[in-house]
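Below: sequence and its predicted model.
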Amino acid sequence: MAKLKLALYWAASCGGCDIAVLDINEKILDVAELADIVLWPVALDFKYHHIEAMEDGSIDVCLFNGSVRNSEQEKIARLLRQKSKVMVAFGSCACFGGIPALGNFTNRAEIFERAYIEAPSNNNTDRSFPETSVKVEEGELELPEFYDTVLTLADVVDVEYFVPGCPPPVDLILKFVDLLATAQLPPPGAILASEKTLCDECERVKEEKKITKIYRPHQIIPEPEKCLLEQGIICLGPATRGGCGMRCIQANMPCRGCFGPPAGVYDQGAKMLSALASIFDIKEEAEIARMVDEVVDPAGTFYRFGMSSSMLKRKRM
Amino acid sequence: MSNSDFEPKIVGFLCNWCSYRGADMAGTARIKSAPNVRVVRVMCSGRVDPIFVLKAFKEGADGVLILGCHPGDCHYVEGNYKTARRVPLLKKMLEQLGIEEERVRLDWVSASEGDRFSSIVNEVTAKVKELGPFRVNERG
């Protein structure tokens, strides 16, 4: 069998997803056995023009990590889509927007003001901002356009598979590689994780869910065996897809929702908000106001990884 | 468009046992109220998932009205208390998403309170008119 052609690309991401690919350790040799890598900016020296020169559909699989926040990322996403048979949104940013999508609570103007004027390390008295094109003596220089709104990969191109996680856990990557090697990939559109919620898979002891106070993770040392929500810690387990291996829960930290909404849920944040308000055991108006105060940053907490794929996608401004 | 000729679209979620009957009462008693609220009957105000509210805005609603039984009167005992906790938290989150919290109104109307139904509808319509149309701008 001819070797598969594999491309890996990073857009608006931290690089963690690329590290996760290397975290499969010696199995990376199996990947090298199975596939020739044609693009991997973080590790190999292939250029965009190498990809442009390829025939359409000649890349078998593209693992695309990171969200789309500027015009270069959108352009490369379209290019890789054209050249690839199978496009995979790899990691929470490509799937749901991820941490960069918290930028959807603001816009380009505010981000530029913060980054190029307000930040203490600036000395930008003439208020210069990045332009998409600048004329200098040697000619014209171009920079990608910075978007107001962070997009998911699927907002820009058709995507066959979604591998969530921040970053995707090793066993999920290996499962994907295995399905690919044995040509057993599910029908397109599949999210390669569990169909159940994280709560469903969590082994902590769950009793009656009734709380009267919320603790932020630094305010309490949680009991290691008991449901974190029942201890008053906001854990996104009820509104998050399982299949992650519960790395956070096992480290006694609450779920932050990086696997996105479970099957059948259109908006992770609203679902979590609903679940949390339901288990509060209070009725008086003053007590309800206190609860609202204790949830310091509802949108940032409930949509930590999912702003781009949420119902409203961004702040109205 | 000036705010005076703006006719807001408001989605109303009314509970089957009290508020929907309150609305019915307003109708039978021929009490006039603003025609801007499009009513969706739900079995309980506790059935109003916050997703419904977000979806209403996404699909072009300018405001959302949620009406349930008075506290203590819920047909399902606890449903309206859940709503009473969800909506204030939802309003805080909506503010973060750039949606004025006054666009969402939660109140209680019993089956006999036709006049109360009508005055709440008029109030919320006036409030949303004042705020103007809701902008759906997905790409910012």
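Looks like it arrived, so ask away.

now stretch A:234-253, how far from the chain's geometric center?
15 Å (CA atoms, centre = their mean, to the nearest Å).

scratch that, stretch A:217-236 is what I was asking about
Worked out by CA atoms, centre = their mean, stretch A:217-236 lies 24 Å from the chain centre.

okay, how far is it across that stretch, tip to tip?
13 Å (CA to CA, to the nearest Å).

For that stretch, which residues meet the burial criterion?
By 16 or more other CB atoms under 10 Å in any protein chain shown, the buried positions in stretch A:217-236 come out as A:Pro222, A:Cys227, A:Leu228, A:Leu229, A:Glu230, A:Gln231, A:Gly232, A:Ile233, A:Ile234, A:Cys235, A:Leu236. Using the backbone N, CA and C atoms, a C-beta is placed for each residue, glycine as well.

list the contacts for B:Gly68?
B:15, B:18-19, B:44-46, B:74, B:79-80, B:83, B:106, B:108-109 (CB atoms under 8 Å, 6 or more residues apart in numbering or on different chains).

Mark which of those residues are part of helices, please.
By the criterion of DSSP state H, membership of the contacts of B:Gly68 in helices covers B:Ser19, B:Gly79, B:Asn80, B:Thr83.

Which members of the residues you listed define the maximum pairwise distance?
B:Ser19 and B:Gly79 (12.1 Å; CB to CB).

What residues of stretch A:182-198 count as buried?
Quick answer for stretch A:182-198 (16+ other CB under 10 Å): A:Leu185, A:Ile191, A:Leu192, A:Ala193, A:Ser194, A:Thr197, A:Leu198.

Now secondary structure, distance to B:Arg30 and pLDDT too, for these, in TSV please.
What follows is those, written out as TSV (DSSP: H, G, I helix; E, B strand; the rest coil; distance: CB to CB, whole Å; pLDDT from 0 to 100):
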residue	secondary structure	distance to B:Arg30	pLDDT
A:Leu185	coil	64	92
A:Ile191	strand	54	95
A:Leu192	coil	60	93
A:Ala193	coil	56	94
A:Ser194	coil	56	93
A:Thr197	strand	49	96
A:Leu198	helix	53	96
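
in the least confident helix or strand in chain A by mean pLDDT, what counts as buried?
Least confident helix or strand of chain A, by mean pLDDT, DSSP states H and E, is helix A:27-34 with a mean of 85. Buried positions in helix A:27-34, judged by neighbour count with 16+ other CB under 10 Å: A:Lys27, A:Val31, A:Leu34.

Which residues does it contact?
A:Lys3, A:Leu4, A:Leu6, A:Val21, A:Leu22, A:Ile24, A:Leu174, A:Val177, A:Leu180, A:Ala181.

What's the ChimeraX line that selects buried ones from the residues you listed?
Only the buried entries of the contacts of helix A:27-34 go into this ChimeraX selection, using 16+ other CB under 10 Å:
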select /A:4,6,21,24,177,180
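
Max pairwise distance over the contacts of helix A:27-34: which two?
Once CB to CB is applied, the contacts of helix A:27-34 give A:Lys3 and A:Leu22 as the farthest pair, at 19.8 Å.

Chain B against chain A: which residues are in contact?
B:49-51, B:53-55, B:57-58, B:71, B:81-82, B:84-86, B:88-90, B:92-93, B:96-99, B:134-140 (CB under 8 Å from any CB of the partner chain).

Surely A:Lys85 touches A:Met54?
No. With contact defined as CB atoms under 8 Å, A:Lys85 does not reach A:Met54; the gap is 12.0 Å.

Looking at those two, which has the bigger crowd around it?
A:Met54 (17 against 14; other CB atoms under 10 Å in any protein chain shown).

can I assume the more buried one is in contact with A:Val38?
Yes. With contact defined as CB under 8 Å, A:Met54 reaches A:Val38; the gap is 7.3 Å.

mind listing the helices in the stretch 51-200 of chain A by residue range?
A:71-83, A:92-96, A:108-113, A:153-156, A:170-181, A:198-201 (DSSP state H, counting those that start in this stretch).

Which element is encountered next along the chain beyond the least confident helix or strand of chain A?
strand A:35-39 (DSSP states H and E).

Centre-most residue in chain B?
Using CA atoms, centre = their mean, the residue of chain B that lies closest to the mean C-alpha position is B:Leu65, 0.4 Å off.

Please name the residues that touch that one.
B:Ile10, B:Val11, B:Gly12, B:Phe13, B:Val37, B:Val104, B:Arg105, B:Asp107, B:Ile120, B:Val121, B:Val124.

A:Lys283 belongs to a helix?
No. Counting by DSSP: H, G, I helix; E, B strand; the rest coil, one finds A:Lys283 to be coil, located in no helix.

Neighbours of it, how many?
A:Lys283 is flanked by 14 other residues according to other CB under 10 Å.
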